[in-house]
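Engineer: Okay, predicted coordinates and the sequence, questions at the end:
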Amino acid sequence: MGDKMPCPTLGILGPTVLMSMNRDIPCQTRYGQTSTAVFRVGKNAVQSLNDALRFVTKRDRREKTWSGVPNGYEKKNDLLLAYLEEDPDADVPLTGFFADTEPTEAQELATYEARTARIHEALRLCEKPGTDSHIKVIVLTKIDKGRAQVVFSGRYSTAAIYAGRDRWLAGVRNVPSISIPFPLAKGEPTDWRSGYQPSPAQVMFSFKSQWLRAGQTSQGVPGVDLGSVYALLLEPEAGTQASWLLDRYLGLTEPLMIGLARCLSGGASLSKEAREAALTTIGVYGILLLRQGRELENYMESRDYLLGQFLQLADILHKLYCVHERKGSIPPQLIGNAAISMALQSPRRAIQVLGNRMPVYIAWADRYDGENFRDAKWCRAELGRLSARLKDENLDSRVSPNGRAELLLGYLADTERTEK
């Protein structure tokens, strides 16, 4: 090839040398060779590689074969390439499976399922009977001004892409109904959102924020590598991956979920950014639980989910008492919310603390017959039902990462009564 490799200008990355080895830096020497001598290659091969790379990253092919995707550790985007190996000229916007490609606000509010449905259909039309089609996925990052690096590379059949999309959608639905209010303009009704379906790029981004002070503030932290998130989407077996990802994710998002519950009970409000992050967080919990075999209909019967429901009902009863007996003066933190951090560590200790605080509210619910008394009677009955369920559970065993997520979901889940 000679002394110099081509340097095409790529979207997201800018000028990118195909082979960057500086002869003036002693450590960039391999077997006594450096620069282009390290990798012997002919001019025709290099020209073909350069032409292919320039074609797949042409400006008019953005959101088709290339797009930006969040870097796992820094505040920048990496370059995502995705193309159909058997037909690289195809105009199917394949990057939409992996990155967010919709620019308008209306499209951004659409679910991941809706955003990828047309891609799914267009890809099926490109398939030829009796022929396997494959999608090549490559992610490049810029290390410094002179060097780029491949951080992810995979080759998947279209069948694997379809199956991955179905698993992802099943995961975001693997949570109970949790409604989050988004206030609109003055005089307009509140927009209640639930069942949000985050994209892989949004999941990647959510791992880069540490929430603090019950969701009031957040700070940037190093995230996780892109391959870990794509494994959740594309790999049939990802239980081990999902386990350690959930453990890490809980440390980042538990304060946000506790703050959301406080907000829903009438406590400190959350910013729009925090509410949107909470929608994503709920979906991620569902994905990570399902990839470990924890399905909604099963974990809703678990000790930790039921304990979360018990804490929610304790909050409801406490709030009802304050509305009717304290003339609407509601404290900034209700008794269930005050005990949830303890419950995530020691269920028995949390139950003991609540047991010392709740008798006055239970006695009030038993005798109250004023306005909206049916709410108090319903809450009292539900607390009795959950107490009967929990009394036979082992409250001394530790709460696993899965259990912590299930407890938080149970604490936030809509009940039939609250929905009405």
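Structural biologist: Sure thing, it's come through. Predicted model, so just to flag it, every value in this text is computed and none were measured. Numbers count the residues shown, from 1 in each chain.
Engineer: For the rest of this, base every contact and every neighbour count on C-alpha atoms.
Structural biologist: OK.
Engineer: Doesn't Met21 lie inside a helix?
Structural biologist: No: applying DSSP: H, G, I helix; E, B strand; the rest coil, one finds Met21 to be coil, outside a helix.
Engineer: and it, how many residues sit next to it?
Structural biologist: Neighbouring residues of Met21 were enumerated by other C-alpha atoms under 10 Å; the total is 21.
Engineer: Could you shift the numbering so residue one becomes 25, and keep it that way?
Structural biologist: Sure, I'll start numbering at 25, so the last one becomes Met45.
Engineer: Next one: it relative to Lys28, how far apart?
Structural biologist: 10 Å (C-alpha to C-alpha, to the nearest Å).
Engineer: anything in contact with each of those two?
Structural biologist: Counting by C-alpha atoms under 8 Å, 6 or more residues apart in numbering, the shared contacts of Met45 and Lys28 are Thr60.
Engineer: Out of the helices and strands in the chain, which is least certain?
Structural biologist: helix 129-132 (a mean of 48; mean pLDDT, DSSP states H and E).
Engineer: Going by residue numbers, what spans are strands in the stretch 75-224 of the chain?
Structural biologist: 90-94, 101-108, 158-166, 172-181, 204-206, 215-217 (DSSP state E, counting those that start in this stretch).
Engineer: Nearest approach to Gln57 belongs to which of those strands?
Structural biologist: Nearest to Gln57 among these is strand 172-181; the distance by C-alpha to C-alpha comes to 20.2 Å.
Engineer: who does the closest one touch, helix- and strand-wise?
Structural biologist: In terms of contacts (3 or more C-alpha pairs under 8 Å, 6 or more residues apart in numbering; DSSP states H and E), strand 172-181 is packed against strand 158-166, helix 250-258.
Engineer: list the helices and strands the last one packs on?
Structural biologist: Counting contacts by 3+ C-alpha pairs under 8 Å, 6+ apart, helix 250-258 is packed against strand 172-181, helix 182-196, helix 224-230, helix 263-288.
Engineer: Beyond the longest one, next helix or strand please.
Structural biologist: It stands for helix 263-288. Later in the chain than helix 263-288, the nearest helix or strand by DSSP states H and E is helix 296-314.
Engineer: Buried residues, that next one. List them.
Structural biologist: Residues of helix 296-314 classed as buried: 298-299, 301-314 (neighbour count, 16 or more other C-alpha atoms under 10 Å).
Engineer: Kindly report the same for stretch 158-170.
Structural biologist: Residues His158, Ile159, Lys160, Val161, Ile162, Val163, Leu164, Thr165, Lys166 are the ones in stretch 158-170 that count as buried (16+ other C-alpha under 10 Å).
Engineer: can you check stretch 83-103 too?
Structural biologist: For stretch 83-103, by 16+ other C-alpha under 10 Å, it's 85-97, 101-103.
Engineer: what do you get for stretch 336-354?
Structural biologist: Gln336, Leu337, Ala338, Asp339, Ile340, Leu341, His342, Lys343, Leu344, Tyr345, Cys346, Ile354.
Engineer: you'd agree the fourth one is up against Ile364?
Structural biologist: When you say that, I think you mean Asp339. No: at 10.8 Å, Asp339 and Ile364 do not qualify as touching, with contact defined as C-alpha atoms under 8 Å.
Engineer: Mind listing residues that contact whichever strand or helix holds Asn380?
Structural biologist: In this structure, Asn380 sits in helix 371-381 according to DSSP H and E. Applying C-alpha under 8 Å, 6+ apart, the contact partners of helix 371-381 are Leu331, Ile359, Gly360, Ala363, Ile364, Met366, Ala367, Leu419, Asp420, Val423.
Engineer: PyMOL command for the buried members of these?
Structural biologist: A single PyMOL command selects the buried members of these (16+ other C-alpha under 10 Å):
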select buried, resi 331+359+360+363+364+367+419+423
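Engineer: Could you dump the contacts of helix 371-381 into CSV with distance to Glu109, secondary structure and pLDDT added?
Structural biologist: Formatted as CSV, the contacts of helix 371-381 follow (distance: C-alpha to C-alpha, whole Å; DSSP: H, G, I helix; E, B strand; the rest coil; pLDDT from 0 to 100):
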residue, distance to Glu109, secondary structure, pLDDT
Leu331, 51, helix, 97
Ile359, 58, helix, 95
Gly360, 55, helix, 94
Ala363, 55, helix, 95
Ile364, 51, helix, 94
Met366, 53, helix, 95
Ala367, 51, helix, 96
Leu419, 54, coil, 94
Asp420, 55, coil, 94
Val423, 46, coil, 96
